[in-house]
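S.K.: Take a look and give me a structure for this.
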Amino acid sequence: KAALKLPFLPTPMSSWDPGDEASGLADNKMLGLVNKPVLLVLIFDSNPIVWAQMKPAEFDGILQQTLMFLNSILLQHHSNQIAVIASHPAKSKMIFPASPCLKAKMEQEIKELAAKKNKTGDEAEKSRKLRRKELKAELAHLANPMRVIVQELAALAKIPPPSGNPKKSRLAASLSRALCYARHVKREYEKKGRFLQSRIMVIDTCGSMGANDDYVPIMNAIFSARNMGVQIDSLVMPMLGKDHSFLQQASDLTKGVYKRPDNLAGLLQLMMQWYMPDGDLRDSTLIMPKPTEVDYRANCFCHNKPQDTGWVCPVCLAIFCSARKTCEICSTEFDLGRNDGGRRKRKQMMDAKDQNGGRR
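M.R.: Okay, the predicted model is just below:
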């Protein structure tokens, strides 16, 4: 699977003329349609254990169609941007774009090698030319998002998952990283007087993205996304056979799209139809699918079952279905005896009030 062959993907256009943009923007304003640049942050579930349980054709199909969808986003507008975050059981890592520090370091090394030209012997000059050629090839490789994504995913697949919970993926950390990056890019655009619309798309392939101890940070990230105006779209793979409660709530609260197709046939078509249009186009033109009934009940941290009422730890906000003397998450001790005594005292006061005909 690490040696996956890329499908034919057209290279996105990187050169454009500002005059063309101005004239096109004026025409679009006359028609009432303004194509705004979009930043799409994709959170891809990269659990190697679940990948190994899939059929090779299923995994290859999911990855190839996802890459085609990302390339279509880049081709939609010359200013569109993508970012890909891998949610691995061991860590959450941004695999594209590459770090600006890495690019700057490589460019600086190329300049230094060019400045030393013809200062030493022929052998040293040949080695510098070879090194410069390697650095330029690496920079060109970093500019191709599809190849970088495949290479980084293959490298992450070799990292062993943690022994405690090998199927857990770091959804909370990935959402937080995506929101921070979206905020950073938006500020850079605002400094130039330009507008950028940000979206987050989560592709779940294992059904274990997020656990009970991640409930509070996940919900904090969801409400932060809603306050920032960032939609969270969710795509749950059909082989899971069940819905994802966290992603359902995230898409519903941020006015995103949540879909769990019945099979993998036509996955790319589904992505193009429901996940490619931006928020303005969804609200003004398209008839989006009606959201499914979302269960907003929280699961207890002890049995992982939805609860209508429960006991909440005042320190870490952990939820339990029954009273406990000690919180299992943060080890806070509760004085249940004092609370029981207070309830008994209030009950005695109410009984005495009823016996006296409403008088104390």
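S.K.: Could you pull out the strands in the stretch 151-300 of the chain for me?
M.R.: Taking DSSP state E, counting those that start in this stretch as the test, the strands found in the stretch 151-300 of the chain are 197-204, 231-236, 258-259, 298-299.
S.K.: helix or strand right after the last one?
M.R.: For strand 298-299, the succeeding helix or strand toward the C-terminus, using DSSP states H and E, is strand 306-307.
S.K.: Parallel or antiparallel, which strands does that following strand pair with?
M.R.: Using DSSP bridges, strand 306-307 pairs in its sheet with strand 298-299 (antiparallel).
S.K.: what bits of the stretch 51-200 of the chain have low per-residue confidence?
M.R.: When the per-residue scores of the stretch 51-200 of the chain are filtered using pLDDT under 70, the ranges that remain are 99-113, 115, 117-123, 126, 128, 131-143, 164-167.
S.K.: show me where it has helices.
M.R.: In the stretch 51-200 of the chain, helices defined by DSSP state H, counting those that start in this stretch lie at 56-76, 100-115, 122-142, 145-157, 171-191, listed in chain order.
S.K.: next one: the stretch 251-360 of the chain
M.R.: In the stretch 251-360 of the chain, the segments counted as helices under DSSP H, counting those that start in this stretch are 267-270, 279-284, 336-355.
S.K.: For the shortest one, list the C-alpha coordinates in PDB.
M.R.: Going back to what we said before, that points to helix 267-270. Provided in PDB are the C-alpha atoms of helix 267-270 (Å, rounded to 0.1, in the frame of the first residue of the first chain):
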ATOM      1  CA  LEU A 267     -17.400   8.200  -3.900                       C
ATOM      2  CA  LEU A 268     -15.700  10.800  -6.100                       C
ATOM      3  CA  GLN A 269     -19.100  11.900  -7.500                       C
ATOM      4  CA  LEU A 270     -20.500  12.200  -4.000                       C
END
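S.K.: what helices or strands is that helix leaning on?
M.R.: Where contact means 3 or more C-beta pairs under 8 Å, 6 or more residues apart in numbering; DSSP states H and E, helix 267-270 is packed against helix 56-76. Backbone N, C-alpha and C define where each C-beta goes, glycine included.
S.K.: so the helix it packs on versus strand 231-236, what angle?
M.R.: Orientation note: helix 56-76 sits at an angle of 160 degrees relative to strand 231-236 (axes from the mean of the first three to the mean of the last three C-alpha atoms, to 10 degrees).
S.K.: Could you pull out the buried residues of helix 56-76?
M.R.: Of the residues in helix 56-76, those with enough neighbours to count as buried (16 or more other C-beta atoms under 10 Å) are 58-59, 61-74, 76.
S.K.: Keeping just the C-alphas, turn it into PDB.
M.R.: Listed next in PDB are the C-alpha coordinates belonging to helix 56-76 (Å, rounded to 0.1, in the frame of the first residue of the first chain):
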ATOM      1  CA  PRO A  56      -6.400  -3.300  -1.000                       C
ATOM      2  CA  ALA A  57      -8.900  -2.200  -3.600                       C
ATOM      3  CA  GLU A  58     -11.000  -0.300  -1.000                       C
ATOM      4  CA  PHE A  59      -8.100   1.600   0.500                       C
ATOM      5  CA  ASP A  60      -6.600   2.500  -2.900                       C
ATOM      6  CA  GLY A  61     -10.000   3.600  -4.100                       C
ATOM      7  CA  ILE A  62     -10.500   5.900  -1.100                       C
ATOM      8  CA  LEU A  63      -7.100   7.500  -1.400                       C
ATOM      9  CA  GLN A  64      -7.100   8.000  -5.100                       C
ATOM     10  CA  GLN A  65     -10.600   9.500  -5.200                       C
ATOM     11  CA  THR A  66      -9.600  11.800  -2.300                       C
ATOM     12  CA  LEU A  67      -6.600  13.000  -4.100                       C
ATOM     13  CA  MET A  68      -8.700  13.700  -7.200                       C
ATOM     14  CA  PHE A  69     -11.100  15.700  -5.100                       C
ATOM     15  CA  LEU A  70      -8.300  17.800  -3.600                       C
ATOM     16  CA  ASN A  71      -6.900  18.400  -7.100                       C
ATOM     17  CA  SER A  72     -10.400  19.500  -8.200                       C
ATOM     18  CA  ILE A  73     -10.500  22.000  -5.400                       C
ATOM     19  CA  LEU A  74      -7.200  23.500  -6.600                       C
ATOM     20  CA  LEU A  75      -8.400  23.700 -10.200                       C
ATOM     21  CA  GLN A  76     -11.600  25.500  -9.200                       C
END
